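# Here is the input, now give the coordinates:
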Amino acid sequence: MAKPATIKIRLNSTVGTGFFYVTKKNPRNMTEKMVKRKYDPIAKKHVEFKEGKIK
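Model prediction:
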C-alpha cells in the first residue's frame, strides 16, 4: 500500500498559551515548516502559529 499524501501536523501558538490547532499538509509540495496567522482564544487576538509534531 502507498503512503497517504497528507500528514497531520500541530500548529502551536507562539504566544505560549498552550493553545494549538490540528491540520493537514502535503509534505511533497510544502517542504518547509508551516507558519499561519490564526486566532488564539486564550490570548484573545490573532497570533502566529508554527508547526510542531503530534505526539
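# what's the closest non-adjacent residue to Tyr39?
His46 (5.4 Å; CB to CB, 6 or more residues apart in numbering). All C-beta spots, glycine's among them, are computed from the backbone N, C-alpha and C.
# What's the separation between the one you found and Lys8?
23 Å (CB to CB, to the nearest Å).
# circling back to that earlier point, does the residue nearest to Tyr39 belong to a helix, a strand or coil?
strand (DSSP: H, G, I helix; E, B strand; the rest coil).
# per-residue confidence for it?
Model confidence at His46, expressed as pLDDT, equals 98.
# got the contact list for it?
Residues counted as contacts of His46 (CB atoms under 8 Å, 6 or more residues apart in numbering) are 37-40.
# Figure out the helix or strand that the residue nearest to Val35 when sequence neighbours are not counted lives in.
Nearest residue to Val35, sequence neighbours excluded (CB to CB, 6+ apart): Lys50, at 5.4 Å. Element membership for Lys50, per DSSP states H and E: strand 45-52.
# Neighbouring strands - and their directions - for that strand?
Next to strand 45-52 in the sheet, as set by DSSP bridges, lie strand 7-13 (antiparallel), strand 35-40 (antiparallel).
# what's the burial count for the residue nearest to Val35?
13 (other CB atoms under 10 Å).
# So what pairs up with it in the strands?
Lys50 forms beta bridges with Asn12, Val35, as assigned by DSSP bridges.
# sorry, back to before: hey, which of the strands paired with strand 45-52 is tucked in deepest?
Of all the strands paired with strand 45-52, strand 7-13 carries the top mean neighbour count, a mean of 16, counting by mean count of other CB atoms under 10 Å.
# which ones are touching the residue nearest to the spatial centre of the chain?
Residue closest to the average C-alpha location in the chain (CA atoms, centre = their mean): Leu11, at 2.3 Å. Each residue near Leu11 by CB under 8 Å, 6+ apart is listed here: 20-23, 34, 36, 38, 49-52.
# do you know how far the closest residue in space to it that isn't next to it in sequence is from Lys55?
Excluding the flanking residues, the one nearest Leu11 by CB to CB, 6+ apart is Phe49, at 3.8 Å. As judged by CB to CB, Phe49 and Lys55 stand 17 Å apart.
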